[in-house]
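Visitor: This is a predicted model, with the sequence first.
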Amino acid sequence: MKRGQTIVAKRERQESASERMLARKKVRNKRILSVVVVVLILIILTILGVMGWQVLFKDKVIDTKTEATTPEPTVEIVDEAGVGVSGRIKEYIAWLEQDFKELGYTVTRVDLPRDKSRELLVSLDGYDGYIKMNIDRGAGVSVEDADRMIKYLNGGGFEYIDVRVEGKGYYK
């Protein structure tokens with residue numbers, strides 16, 4: 001045994017600062033390389049996936065315009081202003097007609113009052129009055145509100161029902 005050394009001194013190997021720095025650099029480089037490889041693999045898989053979907057479905061091109069057809073109204077539309085009926089209003093009336101039909105009502109006529117660009121007056125078969133609606137609200141919601149008001153009035157006579165305001169219903 002040499003003087004001033006421990007028993008395990010021979011077994012211990014002293015690393016210099018440069019060797020530790022090189023080891024740390026190797027570990028860091030391996031991590032960076034593994035991240036780069038993973039990113040490249042993901043990019044390649046994404047490109048192959050897109051190309052694969054294009055190859056699989058190249059003959060089956062989906063045209064959304066032909067499949068998603070908008071309904072057309074079948075009821076009489078009376079434009080009191082005489083400026084014409086826009087496509088948005090026609091679509092809204094068609095949705096109203098479908099929603100009323102699902103609840104058991106038949107729409108007979110829709111009036112577009114003068115000087116009120118967003119208001120509709122809907123007449124139903126079997127009822128003397130009309131229903132005031134606004135195209136800014138959803139057709140289904142307005143129809144449900146109108147149905148509740150008709151049931152509340154027990155189908156009795158009314159001059160009009162107003163369901164233009166959400167959560168409120170008026171009648172006369």
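Guide: The structure has been received and is ready for your questions.
Visitor: Give me the residue at the spatial middle of this protein.
Guide: Gly138 (14.3 Å; CA atoms, centre = their mean).
Visitor: Go through the chain and flag its longest helix.
Guide: Counting residues, the longest helix found in the chain (DSSP state H) is helix 17-56.
Visitor: Name the residues of it that are buried.
Guide: Neighbour-count burial for helix 17-56 flags no residue at all (criterion: 16 or more other CB atoms under 10 Å). Heads up, the C-betas are built off the backbone N, CA and C, glycines and all.
Visitor: Equivalent analysis for stretch 151-158, please.
Guide: Across stretch 151-158, burial judged by 16+ other CB under 10 Å covers Phe158.
Visitor: If you rank every helix and strand of the chain by mean pLDDT, what lands last?
Guide: Here the helix or strand of the chain ranked lowest by mean pLDDT, DSSP states H and E is helix 64-67, holding a mean of 50.
Visitor: Quick check: next helix or strand after that one?
Guide: strand 76-79 (DSSP states H and E).
Visitor: buried sites along stretch 133-141?
Guide: Met133, Asn134, Ile135, Arg137, Ala139.
Visitor: quick one: the second one and Leu121 touch, right?
Guide: Translated: Asn134. No: at 11.0 Å, Asn134 and Leu121 do not qualify as touching, with contact defined as CB atoms under 8 Å.
Visitor: how long is stretch 112-119 end to end?
Guide: This stretch, stretch 112-119, spans 7 Å end to end (CA to CA, to the nearest Å).
Visitor: what's the offset of it from the middle of its chain?
Guide: Relative to the centre of its chain, stretch 112-119 is centred 29 Å away, using CA atoms, centre = their mean, to the nearest Å.
Visitor: pLDDT averaged over that stretch - what is it?
Guide: Mean pLDDT, computed over stretch 112-119, is 87.
Visitor: Gly52 and Leu40, how far apart?
Guide: Computed as CB to CB, to the nearest Å, the Gly52 to Leu40 distance reads 18 Å.
Visitor: Oh, that last question was meant for Ser18, not what I typed.
Guide: For Ser18, the distance to Leu40 - CB to CB - is 32 Å.
Visitor: How about Gly156?
Guide: On the measure of CB to CB, Gly156 and Leu40 end up 74 Å apart.
Visitor: Likewise for Gly82?
Guide: The value you get for Gly82 to Leu40, if CB to CB is used, is 66 Å.
Visitor: ok so Phe158 is a strand residue?
Guide: No: applying DSSP: H, G, I helix; E, B strand; the rest coil, one finds Phe158 to be coil, outside a strand.
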